[in-house]
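>>> Following is a predicted model, sequence given first.
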Amino acid sequence: MTEDRIREILGRVASGRTSAAAALKLLRHLPFEDLGFAKLDRHRSLRRGVPEVIFGEGKSAAQIAAIGARVVGLGDNLIVTRLPPDKARAVKRSLRALDYRFTAEDEALIDRLVASGHPSTPGFNDPAYPIEGRRARTAV
């Protein structure tokens, strides 16, 4: 939840447009909300200035969609990392707000920072895990 959103809620209480009970309901899950399979950091944007981040490789499409629906439903943004195109398509069917981007700049950054075949990057270097539109890489 952003500082602006918290200020908006508090302002609505101060002006009498929202009851304290309604505001408490909106703020109840701060700073964390446990979804059972993931714990959302509801204060990340307030503390760090960036939205919630999901490691997409470690979650199913259904889990990502559920997290996304919760975060977006509360008026917040999120970032999903390591999300292959097939999983992105599955998430997009459930979460229409998904804006999936894998650009030439992303590819160039990966090429610059990660040596081909590096064991920590199976998704980007393993031919068994292709990324749509990604050119073949040779070892450096």
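Thanks, I have it.
>>> show me what contacts the residue nearest the centre of the chain?
Centrality entry for the chain: nearest residue to the mean C-alpha point is Ile79, 2.9 Å, by CA atoms, centre = their mean. If you count contacts by CB atoms under 8 Å, 6 or more residues apart in numbering, Ile79 has them with 50-54. The way it works is simple: take the backbone N, C-alpha and C, and place the C-beta from them, glycine included.
>>> which ones among the residues you listed are found in strands?
Under the assignment DSSP state E, the contacts of Ile79 contribute 52-54 to strands.
>>> Of those, keep whichever come out buried.
Buried residues within the ones in strands among the contacts of Ile79, counting neighbours by 16 or more other CB atoms under 10 Å: 52, 54.
>>> what's the helix or strand for the residue nearest to the centre of the chain?
strand 78-81 (DSSP states H and E).
>>> Show me what the following helix or strand past that strand is packed against.
Per DSSP H and E, strand 78-81 leads on to helix 85-94 as the next helix or strand towards the C-terminus. Under the contact definition 3 or more CB pairs under 8 Å, 6 or more residues apart in numbering; DSSP states H and E, helix 85-94 sits against helix 61-73.
>>> And the contacts of the helix it packs on?
Residues contacting helix 61-73 (CB under 8 Å, 6+ apart): 33, 35, 37-38, 40, 51-52, 54, 56, 59, 77-78, 80, 83, 87, 90-91, 94-95, 97-98.
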